[in-house]
Each structure stands twice: as structure tokens, then as C-alpha cells.
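Visitor: quick one: sequence and predicted model below, then my questions.
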Amino acid sequence: MAQAFMQTARLFRFSIKKDWGKISLWLLGSAFFIFGGLFEIVQLFGGDPAERETLALVFQNPGMIALFGRALGEQNFTNGAIFTQVMTIMTFILTGIMSILLVVRNTRSEEEDGILELIQAQPVGRVAHTAAAILLLVTTNILVLIISVVILMALKDSSMMLEGVLLTGTIYATSGIFFGAVTLVTAQLSTNARGAMMLAFGVLGVSYIIRIIGDVSLSFLSWFSPMGLLYNTEPFVKNDWYPVFISLGTSLLLIALALFLKQKRDMGSGLLPDKEGERHASAVLKTPVGFALNLIKTPLIVWTVALIILGVTYGSVIGDLDSLLEGNEILNQIIAAEEGVSISQQFLAMILGVLAFISSIPALQFLYRLRTEEVKGRLNNVFAGTHSRYVILGTFFLLSVCVALVLQLLASLAFGGAAVAMDFNVEFIDVLLAAMAYVPAVYILIGMGTLFLGWLPKLTAIVWVYLVFIFINLYFGELFNFPDWLRNLSAFQYVPEIPVEEWSWPVALSLTGAALAFSAIGFIGYRKRDID
């Protein structure tokens, strides 16, 4: 047994040297996210119990529960309870994404790139490479725990006692370790990094949806969601550690399963069978469009189904918003920004903004698939044919544009249909208009992606960072009173909040024009630069 893990420590040190930059960025981002949320909560609600009680009523609404989680400590809604309510689910998602990407990069990606073959040619154990990835996963999440504890203790809020602080950091780390353990298993099942990543993100998405259903209606389901399970620890309210032990125990079982499966499969293979390809390529596959569609068809189907399910889920739990405000003047003053505007109408734009944010992810993913093919060296065969760089880039660009539009449309149809069925106080046409208003802003992201792809292909990650900023601004900008100059950096900030505001052709055309300008510059750069 010991021989199977030989040289694990050495490979672990190698992984740290290789990935310390990326890990540092994730840790800095996590620290900023946690500190920013905590600081604003203390600034906004630290000295006003009445405002905290009012906010507790807001978080009992099904729509807010769907976004943030079940209301906690409503009888004594301290700053600690507010922090748990507002930040926990989003931090689970953050650590989950971080861990999934970290594990895929250090397992299946290295195997796919041939790095593992070079490592296994040396005197190392059969599972040492996977064990090193496990150590890196655990170490990174322990650092998240330490950073969280230091930040929470530094503000010295009387409602945040040591046990709650330790529990908060622990559930953040436990969430990351769990989803990393899931990814270790999916890396054994799939034959490639993309498949392993899609399976792991699928588990993350299903966990989020089950948590929504459990928190809103069927409470027992929360215990079957990794997010819902850890949320039930209720830091600063109940401080229940048992869900942590359950989650860590499950993670250990998944890690053991991954190590077992690793020894049962051949290098370069996966336990899930690949679909056999055709003996001869079809006429469609020989075209640029057919080539691009063939590369993205599986993740496109997955993203489509996921967004439809998410749209239906949000739409089905959001019908009670207006009833919360009946007879409550304080809540109306806090939430209703304009006279005669209902909370349901204001909340609509935020929900559809979240769906637009999610639609942006596959749109950018599919655009950057061109970069992946370039790095892998497979584009040389394509450019050796009759198609120019403009044609190949244009194909992926147009597919990304169409994907963004279609996914946002399908998500809004699912959301609108479910909301109307649940008697949500809004017109179906307003849902569609509100959704389409975000499409030009999504095109800004595609334009930026094309710009970096053309001129600075090694810095394309900057667009992903900008997308994360958009999400934080969308979710927390209003709640935490971000300054106007900061909020205006987000393309989503210029989108009219239909039906509170009217559709604006100048805004739509301006955003689309800016996206086209970015894209045109990117096309020029792609034509001029060397292919890796």
C-alpha cells in the first residue's frame, strides 16, 4: 500500500510551485469577498437593531430564500446571523468552483496533456499523483479557513463569538473539500478534463437547486444537498457541528473511491465509455460551423437543461414577494425605490440578471474553446486547409453570440412560465423584455473575450475576473452600497430594470456597438498574431 503513494510529498511540492500564483489569486479573491461582505454588514446594520429586524423579515421571503438561503436567527438577527444569511451560499459556490478547477487542473488535465505519463515514467507510486492533488486541495481550503477566521476575528464584532467564527471558516473549507472530492471521482469517470469538469459542475448545480427546493418548501431535501447540509450548521445562531462531520465523512469516502477507481483504470482512459465516432466525417462536420458545434454540443446540452431547470426553480418559488409588503411601511421604504413600483417588479430584474450572468459562462466558454484547441496544437490542421483565421474565429464568435441569446431566452421562458403559473405579479412579456435587455451586456463580455483572444491570449482570464466582478456587483452592490464609480464599471449596470424602467434602444445599441468594436479589434489582432 505504501508503495502506491511513493513520492507523494515530492509531487505535492511540485504542484505548489506550479500553481502558487493561481491559488494566491483565489485566496486573495476569497479574502476580499469575505472582508467586503463583513465590513459592509457591520457598517450598515451594526448599530441599528430596528433595521436588522426589518432585514430579517425581508429574508423570510421565498425569493430571498432561493437566492441566499433559509432565514436564520430571525428572533435575534445579529450581525453574525446577517453575515451567515448573506454570504454563506455564495462562498460555498466560490470555494466549490475553486476546488473543482484546482482538482481538474492537477489530475485529468495533466493526464490529458501527457504530463502524467512523464511523471509515471519516474519511480513514483501509482496513485501518488492523485494523492498530491488531494493534499493540494485540502491545503488550499485550510488556507481559506484560516483567512476567514482571521478576517472575522479582526473586526471584533460582539455577535461573532469564537465558536461561530471557527464554524464559519470550517464550513467554507468543508464545502471546497467536498466538491473537490466529487471532482476526483469525476476525473476517474471521464476520459477528458472537460467531461470531468462538466460532471463536477453538474453536481454543484444540482446541489444548489436541491438546496433551493429544500429551503423554500420541502425542508428535508436540504439535508441531501451538500450546500443545504452545511448551511444547516447555522454559524452564530445554533453552531451545529454535526453537518460538518457528515460532509467530511462523505468527502473521505469519495476520496477513497477516487483512489480505488484510479488503480482500476488505464492511463488516458475513463470508466465511463466514450461514444464511438463515425468511420467517416459527415459533410457538416467538415465545415467550420459543424466542427465548432461538434466540440461544444455536449456542454451546450448540459447548460441548456441546467438553465431551464434553474429558471423554473426561481419562477416557482418567487410568487409571494408582494404579500410580504402588505401593511409594512418600513419594508416598503427600504425596498421600493420608486413610488408605485412593486417589490416583484424590482426583484424581476435581479433574477434575470443572475440568469444572464450564468448564460455568459457557456458563451465565453465556447468562445475560448478556440484557445484550448490552439494550445493543444490542434488548430494547425484546421489552418492547413482552405479556411482563413477570420472564418474560424468568426464561427466561434457567432456561435457564442447565438448561445448567449438562445440560453437567455430559454431561461427567461422557463422562469416566466413558472412565475405566471404561480401567480407572480408580472406580465409575461415584461419577463421576456427584461431578459433580452441583458443580452447586449453579455455581448460586451463576448467582445472583450474576442479582444483578448486576438491580442493577449495568455491574459484571457481577465475576462473571467471581470465576470466575477459583475456577479458581485449584481448580487451585493445595492445591499452593500458600492460607490457609483465602482458599480458603473459593470456592463450590467447600464441595463434598464424592466418593468420598473422602459426599454432603452440607446442603451441596447450603445452596448452592442461597444461589443462590436471590441470584437473587430480582436479579429484584427487574431489575424496578425502568431498561433501558439
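Guide: That came through fine. Numbering: from 1, shown residues only.
Visitor: helices of the stretch 51-200 of the chain, residue ranges please.
Guide: 62-68, 79-106, 108-112, 115-120, 128-154, 162-189, 193-216 (DSSP state H, counting those that start in this stretch).
Visitor: residue 20 is nearest to which of those?
Guide: helix 128-154 (10.2 Å; C-beta to C-beta). All C-beta spots, glycine's among them, are computed from the backbone N, C-alpha and C.
Visitor: indicate which one of the helices of the stretch 51-200 of the chain is closest to residue 451.
Guide: Once the helices of the stretch 51-200 of the chain are compared by C-beta to C-beta, helix 79-106 is nearest, at 23.2 Å.
Visitor: give me the angle between the closest one and helix 162-189.
Guide: Angle, helix 79-106 to helix 162-189, by axes from the mean of the first three to the mean of the last three C-alpha atoms, to 10 degrees: 20 degrees.
Visitor: show me how far helix 79-106 is from its chain's centre.
Guide: 9 Å (C-alpha atoms, centre = their mean, to the nearest Å).
Visitor: can you check stretch 485-494 too?
Guide: For stretch 485-494 - counting by C-alpha atoms, centre = their mean - the centre lies 20 Å from the chain centre.
Visitor: buried ones in that stretch, by neighbour count?
Guide: 490, 491, 492, 493, 494 (16 or more other C-beta atoms under 10 Å).
Visitor: again with stretch 202-212
Guide: 203, 204, 205, 207, 208, 209, 210, 211, 212.
Visitor: state the mean pLDDT of stretch 88-101.
Guide: For stretch 88-101, the mean per-residue pLDDT is 94.
Visitor: could you point out where the stretch 301-450 of the chain is predicted with low confidence?
Guide: For the stretch 301-450 of the chain, the stretches with pLDDT under 70 are 317-346.
Visitor: change it to 50
Guide: Scanning the stretch 301-450 of the chain for pLDDT under 50 picks out the ranges 327-331, 333-337.
Visitor: which residue sits closest to residue 4, ignoring its sequence neighbours?
Guide: residue 125 (4.5 Å; C-beta to C-beta, 6 or more residues apart in numbering).
Visitor: now residue 162
Guide: residue 153 (7.7 Å).
Visitor: got it, and residue 306?
Guide: The nearest residue in space to residue 306 (C-beta to C-beta, 6+ apart) is residue 205, at 5.3 Å.
Visitor: just the pLDDT at that neighbour, thanks.
Guide: Looking at residue 205, the pLDDT reads 91.
Visitor: wait, doesn't it sit right on residue 305?
Guide: No. Residue 205 lies out of contact with residue 305 (C-beta atoms under 8 Å); the separation is 9.8 Å.
Visitor: got phi/psi on the residue nearest to residue 4?
Guide: With angles defined as degrees, to the nearest 10, residue 125 sits at phi -70, psi 160.
Visitor: ok, now which ones touch it?
Guide: 3, 4, 5, 6, 7, 8, 131 (C-beta atoms under 8 Å, 6 or more residues apart in numbering).
Visitor: which parts of the stretch 301-450 of the chain are strands?
Guide: Shown for the stretch 301-450 of the chain, no strands are assigned by DSSP state E, counting those that start in this stretch.
Visitor: need the helices for it, in chain order.
Guide: Under DSSP H, counting those that start in this stretch, the stretch 301-450 of the chain gives helices at 321-325, 329-335, 343-375, 379-383, 389-421, 428-437, 439-455.
Visitor: for residue 260, which of those is the nearest?
Guide: Per C-beta to C-beta, nearest to residue 260 of the helices of the stretch 301-450 of the chain: helix 343-375, 30.3 Å.
Visitor: what comes up buried for that closest one?
Guide: Within helix 343-375, judged by 16+ other C-beta under 10 Å, the buried ones are 343-371, 373-374.
Visitor: make JSON lines from the buried residues of stretch 485-494 and add pLDDT, secondary structure and distance to residue 145 to it.
Guide: Output for the buried residues of stretch 485-494, formatted as JSON lines (pLDDT from 0 to 100; DSSP: H, G, I helix; E, B strand; the rest coil; distance: C-beta to C-beta, whole Å):
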{"residue": "490", "pLDDT": "94", "secondary structure": "coil", "distance to residue 145": "30"}
{"residue": "491", "pLDDT": "95", "secondary structure": "helix", "distance to residue 145": "34"}
{"residue": "492", "pLDDT": "94", "secondary structure": "helix", "distance to residue 145": "32"}
{"residue": "493", "pLDDT": "93", "secondary structure": "helix", "distance to residue 145": "33"}
{"residue": "494", "pLDDT": "94", "secondary structure": "helix", "distance to residue 145": "38"}
